[in-house]
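Asker: Here is a sequence together with a model predicted from it:
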Amino acid sequence: MAEAWLRRLGGRWFEAHSAGTQPRARIHPLTTRVMEEVGVDTSYHWAKSVDLYAGERFDHVITVCDQANEACPIFPGSHERLHWSLPDPAAVGGTPQERLEAFRQSREEIRRRVVEFVATHTED
């Protein structure tokens, strides 16, 4: 979700990449669903391992869950590292509607944080 939001809201200023420390075989279907609800296409996204980016240089590295923050590798060069401690909506149990609502809440919280990130890291 964070990559999709950053591409949508900050694509003029940022090149976004995302990866997981333990990626699934594919993007969670509820992620795709809730992003489609707000007109954000994630069909071109695929689950990637953070190992794919080993040795790459980034200006900003943002982790979005505590497990990823602890397992995130060290990237070379100087960069800003941010951690957004967010619950994993895929870990939420309950009814299908409760699970869907957890993904919607994550979508909105990530959107809010990306808006703030873009606003504080751009000049116009």
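Answerer: Received the coordinates, thanks.

Asker: C-alpha from now on. contacts and neighbour counts both.
Answerer: OK.

Asker: Just say helix, strand or coil for Leu82.
Answerer: The three-state assignment at Leu82 reads strand, by DSSP: H, G, I helix; E, B strand; the rest coil.

Asker: nope, His45 is what I meant
Answerer: On the three-state scheme (three-state DSSP), His45 is labelled coil.

Asker: mind checking how far the nearest residue to it once chain neighbours are set aside is from Gly20?
Answerer: Counting by CA to CA, 6 or more residues apart in numbering, His45 lies nearest to Ile27, which is 7.3 Å off, once chain neighbours are set aside. Ile27 sits 11 Å away from Gly20, taking CA to CA, to the nearest Å as the criterion.

Asker: got any residues that touch both of the two?
Answerer: When CA atoms under 8 Å, 6 or more residues apart in numbering defines a contact, the residues bordering Ile27 and Gly20 alike are Ala47.

Asker: any idea how far the closest residue to Gly93 other than its chain neighbours is from Ala91?
Answerer: Of all residues beyond its chain neighbours, the one nearest Gly93 is Arg99 (6.3 Å), with distances taken as CA to CA, 6+ apart. Noted for Arg99: a distance of 9 Å to Ala91, by CA to CA.
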